[in-house]
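**Student:** for reference, the sequence and a predicted model appear below.
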Amino acid sequence: MSERDNLLEGIAKTIQAYRQGELEEPSPLHVDRWARQFTPKNQIPFLREFQHVIAQTFLTKDVVIKFLSDLVTNEALAGKDPRSFWSQANVLRIQKDGQSQKEMVKLFATSLEAAYGLKLASCGTRGGAYIYLDDVLFGGGRVGTDLEDWIKNTAPPSSTVHVILIAYHRLGQYFVEKKLNRAAKDVGKRLNLKFWRLGELENRLNRRNESDVLWPSAAPDHPATQAYLHAQSQGKFPLQLRQPGGKFDLFSSEEGRQVLESEFLIAGVKIRSLSNLSDWFRPLGCGPFGAGFGALIATYRNCPNNCPLALWWGDPQQASGALDWYPLLQRKTYAAPENAFDVLYNSTN
């Protein structure tokens, strides 16, 4: 078997549970069709580095279940009597967009019952802590909006809120914490806000040299991409290049990191050229800064739009037009039927 075949097989195996039951199970042919859209001479080093990264950042259902099972017995969170803590805790179900909180709460309920025989529906008392569960915090918009509304309209005069995530990006966490404490102050409520996470990902501007997201250190030798970056340099938040040689925990090497950054950037510019996308849709992922957010985490349920466009954009059935890109992790949007039905359900209950 060639190195390319090995890489295709390895990546397909890593993401095999992606949207299980909704999409066909990813195969080496699926990965190959996606990879052939990148620069031909760079495809092997690109696949090599992508396999290294995605093996660490693709969150399977087993990883999520293990996280939640450990959470219910975590003394640092729940103290010496976790059964009592959880029986009094109020688990919030206030996410307005998406399904990630619903899935996390469902899995958490199973873990809680297995550990202590508690039914989540029977838990929660006045004075108990409030729990906001979600998988990963990227820019923090969803967590911030959900909890800001809750604090202003529903929260009691004094509360302890535990925001529990598998991982968060440090810039987003900083903004969310600041936003929620300000919201509580504005309405005269006392808020004791605590964040819990399995991992943190660096993405702050002043730490870009050791960032855990895609953050280019140079403009690729690609005229259209250079033109895009030049245009962005006139904007409010232009790309500030990373100095190569810093820490690279997620990447195998500086060289490998640069291949990923360059290829995803070029591909993202190509995708943007297919239609008149707003500035929010940046090559390395949706966001207001530089070349894009650059996130590298996806879960078995969905791929966030903060990841490079080339990972999730497009429709396999389209051979022309704005969606003429073959996605590796086809994204389920907030407009998906299950989310639309949730809007209807929430508005009638």
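**Tutor:** Sure thing, it's come through. Just so you know, these numbers come straight off a predicted model, no measurement behind them.

**Student:** pLDDT at the nearest residue to residue 82 once chain neighbours are set aside, what is it?
**Tutor:** Excluding the flanking residues, the one nearest residue 82 by C-beta to C-beta, 6 or more residues apart in numbering is residue 73, at 5.8 Å. Quick note: C-beta positions are derived from backbone N, CA and C, even for glycine. According to the prediction, residue 73 has pLDDT 94.

**Student:** separation between residue 73 and residue 106?
**Tutor:** 19 Å (C-beta to C-beta, to the nearest Å).

**Student:** what about the residue nearest to residue 82, neighbour count?
**Tutor:** Residue 73 has 14 neighbours, counted by other C-beta atoms under 10 Å.

**Student:** residue 178 too?
**Tutor:** By other C-beta under 10 Å, neighbour count at residue 178 equals 12.

**Student:** which parts of the stretch 101-250 of the chain are helices?
**Tutor:** Assigned by DSSP state H, counting those that start in this stretch, the helices in the stretch 101-250 of the chain fall at 141-153, 170-186, 223-232.

**Student:** nearest to residue 164 among those would be which one?
**Tutor:** helix 141-153 (10.7 Å; C-beta to C-beta).

**Student:** neighbouring contacts of the closest one?
**Tutor:** Outside helix 141-153, the residues that touch it by C-beta atoms under 8 Å, 6 or more residues apart in numbering are 92, 94-98, 132, 134, 137, 161, 163, 175-176, 179-180, 183-184, 186-187, 189, 191.

**Student:** pull out the buried residues from that helix.
**Tutor:** For helix 141-153, the buried set under the neighbour-count rule, 16 or more other C-beta atoms under 10 Å, comprises 142-148, 150-151.

**Student:** what of stretch 66-76?
**Tutor:** By neighbour count on 16+ other C-beta under 10 Å, the buried set for stretch 66-76 is 67-69, 71-72.

**Student:** farthest pair within those residues?
**Tutor:** Comparing all pairs in the buried residues of stretch 66-76 by C-beta to C-beta, the longest separation belongs to 67 and 72, at 10.3 Å.

**Student:** ok, back up a step: which one of the buried residues of stretch 66-76 is nearest to residue 168?
**Tutor:** Proximity of these to residue 168 (C-beta to C-beta) peaks at residue 67, which lies at 13.2 Å.

**Student:** identify the farthest-apart pair in the buried residues of helix 141-153.
**Tutor:** Checking the buried residues of helix 141-153 with C-beta to C-beta, the most distant pair is 142 and 151, at 14.9 Å.

**Student:** residue 197 contacts residue 166, correct?
**Tutor:** Yes. Using C-beta atoms under 8 Å, residue 197 is in contact with residue 166, at 6.9 Å.

**Student:** so for these two, which residue has more residues nearby?
**Tutor:** Remark: of residue 197 and residue 166, residue 166 carries more neighbours, 22 against 16, as counted by other C-beta under 10 Å.

**Student:** list the contacts for that one?
**Tutor:** Contacts for residue 166 (C-beta under 8 Å, 6+ apart) come out as 59, 63-64, 67, 135-136, 197-199.

**Student:** point out where this structure drops to low pLDDT.
**Tutor:** Residue ranges of the chain with pLDDT under 70: 334-349.

**Student:** domains for it, by residue range?
**Tutor:** Here the domain parsing of the chain from the TED database is 3-58+213-292, 74-201.

**Student:** can you lay out those domains as CSV showing distance to residue 315?
**Tutor:** Formatted as CSV, these follow (distance: least, C-beta to C-beta, whole Å):
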stretch, distance to residue 315
domain 3-58+213-292, 11
domain 74-201, 20
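
**Student:** make a ChimeraX selection of the buried ones in the contacts of helix 141-153.
**Tutor:** Selecting only the buried entries of the contacts of helix 141-153 in ChimeraX, with 16+ other C-beta under 10 Å as the criterion:
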select :92,95,98,132,134,137,161,163,175,176,179,180,183,184,191
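
**Student:** so how far is residue 228 from residue 203?
**Tutor:** From residue 203 to residue 228 the distance is 21 Å (C-beta to C-beta).

**Student:** looking at the two now, which is surrounded by more residues?
**Tutor:** Neighbour tally, residue 203 and residue 228, criterion other C-beta under 10 Å: the higher count belongs to residue 203, 26 against 22.

**Student:** the longest helix anywhere in the chain to helix 223-232, inter-axis angle?
**Tutor:** When the chain is parsed with DSSP state H, its longest helix is helix 254-272. Counting by axes from the mean of the first three to the mean of the last three C-alpha atoms, to 10 degrees, helix 254-272 lies at 80 degrees to helix 223-232.

**Student:** burial of residue 190, as a residue count?
**Tutor:** Residue 190: 12 surrounding residues under other C-beta under 10 Å.

**Student:** residues touching it, list them.
**Tutor:** Residue 190 sits next to 157-159, 184 when contact means C-beta under 8 Å, 6+ apart.

**Student:** ranges for the strands of this structure?
**Tutor:** Assignment of strands within the chain using DSSP state E yields the ranges 58-59, 90-91, 130-137, 158-169, 190-201, 298-299.
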